[in-house]
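Q: could you look at this predicted model? Sequence included:
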Amino acid sequence: MADRLCQMIDRIYEYGQADKEILAALIEEICCFENNDALEYLRQLAYKTAHKYFGNRIYTRGLIECTNICRNDCLYCGIRKSNQKIERYRLDKEDILDCCEEGYALGFRTFVLQGGEDGAYTPSFVADVVKSIKENYGNCAVTLSFGEQESDTYRLWKEAGADRYLLRHETANKRHYESLHPSWMSYENRVRCLYNLKELGYQVGSGFMVGSPYQTPLHLAEDLLFLTELKPHMIGIGPFIPHKDTPFAGMASGTLKQTLVMIGLLRLMFPKALIPSTTSLGTIAPDGREQGFLYGANVVMPNLSPVAVRKKYMLYDNKICTGEESAQCRSCLDLRVKSVGFELVVDRGDYKE
Ligand code: SAH
């Protein structure tokens with residue numbers, strides 16, 4: 001069995017792709033059974049691939065969680081509109097610029113502005129914030145992540161100077177997508193947004209949750225194939241973790257192993273992609289992010305949000321890094337990255353062909 005699985009992994013390493021059925025079988029065999037030799041083989045090839053393109057460098061991005069107000073109602077998400085138990089907040093322009101100032105001093109050269117789909121974050125407001133960040137820090141990249149927007153809005157933000165946009169597709173199976181989202185959201189629109197963003201010249205990040213409710217190995221294989229078509233520059237994945245005040249409160253989390261397997265496969269299929277080791281991975285296991293690097297992840301996104309709001313941006317239960325100052329997060333990650341033989345680098349870390 002191990003030989004057969006290793007052969008499949010070899011082929012993915014060699015060709016960068018595989019059929020849906022092969023991917024699904026491989027994911028199932030490694031994740032659901034004790035195929036530790038195959039798992040270790042995947043890890044080694046993924047590590048080798050990341051090392052070939054990025055050496056021991058891990059890129060860092062400062063994450064600013066700008067608003068937890070959201071018009072959407074994704075069933076898995078703690079800041080969904082129907083959650084009446086959370087205290088809502090919204091950073092204003094000055095707050096965001098203060099985070100950037102602190103981040104810049106700590107060495108960050110990419111700022112990621114993320115939030116819910118908040119009506120007060122109008123196209124012109126966000127454009128104005130982006131312009132100011134670019135005026136103050138011309139050598140920094142600005143990444144936005146404010147969900148689904150009109151194409152004209154994405155264009156305005158691009159013209160204001162935004163470089164990148166993160167929008168996970170969440171799942172590439174339409175029926176599965178519908179089981180995770182309210183009726184007014186559509187898979188088609190999500191995908192349309194992603195292609196719009198690409199066409200506008202953004203460096204685009206997509207991705208999915210691992211172990212989300214009702215997900216099967218076949219869905220995960222579809223996620224990989226969707227990404228081979230989209231060809232994103234960045235791919236963010238992390239385990240699904242339930243939030244107590246959502247309809248998925250009682251559901252099981254995605255596992256560490258499953259997430260590492262998917263990071264490893266992504267690295268083989270997208271050798272040059274920027275793949276973060278996410279906060280959710282660090283939440284399900286104390287050394288989750290370190291393990292992510294060993295499976296080919298090459299980005300971390302420490303929190304730059306004001307400490308006063310961090311506990312309010314609870315997408316899922318027990319989220320880590322909600323108590324520390326930004327400087328503490330930065331130095332903690334520095335140590336974590338070093339502990340597994342990597343080095344945190346502070347340049348913009350653009351995608352390179
Ligand atoms: N509103 C933005 C940002 C969403 S939050 C958008 O739509 O893109 C960023 C990511 O957090 C989401 O894309 C989702 O994949 C992840 N997320 C949300 N709830 C989660 C949960 N319960 N467990 C794990 N990840 C979650």
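A: Thanks, I have it.
Q: quick one: the helices in the stretch 51-200 of the chain?
A: 93-105, 123-136, 151-159, 174-180, 187-199 (DSSP state H, counting those that start in this stretch).
Q: just checking, what packs against the shortest one?
A: The reference is to helix 174-180. helix 187-199 (3 or more CB pairs under 8 Å, 6 or more residues apart in numbering; DSSP states H and E). C-beta: built from backbone N, CA, C; applies to glycine.
Q: wait, does the helix or strand just after the helix it packs on contact the ligand?
A: Using DSSP states H and E, the helix or strand that follows helix 187-199 in sequence is strand 203-210. Yes: with CB under 6 Å from any ligand atom as the measure, strand 203-210 is seen reaching the ligand through residue 209.
Q: please apply the same query to stretch 243-263.
A: Yes: counting by CB under 6 Å from any ligand atom, the ligand has neighbours in stretch 243-263: residue 243.
Q: show the average pLDDT along stretch 305-315.
A: For stretch 305-315, mean pLDDT is 96.
Q: among the helices of the stretch 51-200 of the chain, which is nearest the ligand?
A: The minimum distance between the ligand and the helices of the stretch 51-200 of the chain falls on helix 187-199, with 8.7 Å, by CB to the nearest ligand atom.
Q: which other helices and strands does the closest one contact?
A: Using 3+ CB pairs under 8 Å, 6+ apart, helix 187-199 sits against helix 151-159, helix 174-180, strand 203-210, helix 217-230.
Q: and those, which is most packed in?
A: Neighbour counts (mean count of other CB atoms under 10 Å) averaged over each of the helices and strands packed on helix 187-199 peak at strand 203-210, with a mean of 24.
Q: contacts for that one next, please.
A: Strand 203-210 has contacts (CB atoms under 8 Å, 6 or more residues apart in numbering) with 76, 143, 145, 163-172, 194, 197-198, 215, 220, 223, 227, 230, 232-240, 254-255, 258-259, 262, 274, 350-351.
Q: ok and that strand relative to helix 187-199, angle-wise?
A: When axes from the mean of the first three to the mean of the last three CA atoms, to 10 degrees is applied, the directions of strand 203-210 and helix 187-199 differ by 150 degrees.
Q: off-centre distance for strand 203-210?
A: Put simply, strand 203-210 sits 6 Å off its chain's centre (CA atoms, centre = their mean, to the nearest Å).
Q: what sits closest to the residue in the stretch 201-350 of the chain that the ligand sits nearest to if chain neighbours are left out?
A: Relative to the ligand, the nearest point of the stretch 201-350 of the chain is residue 316 (3.5 Å; CB to the nearest ligand atom). Leaving aside its sequence neighbours, residue 316 sits nearest to residue 241 (CB to CB, 6 or more residues apart in numbering; 3.7 Å).
Q: verify the stated contact: that neighbour with residue 281.
A: No: the criterion here is CB atoms under 8 Å, and residue 241 misses it with residue 281 at 9.9 Å.
Q: looking at the two, which is more packed in?
A: residue 281 (28 against 24; other CB atoms under 10 Å).
Q: name the element the more buried one belongs to?
A: helix 279-284.
Q: so which elements touch that helix?
A: Helix 279-284 packs on strand 234-239, helix 256-269, helix 288-294, going by 3+ CB pairs under 8 Å, 6+ apart.
Q: now with 7 Å?
A: Helix 279-284 sits against strand 234-239, helix 288-294, with contacts defined as 3 or more CB pairs under 7 Å, 6 or more residues apart in numbering; DSSP states H and E.
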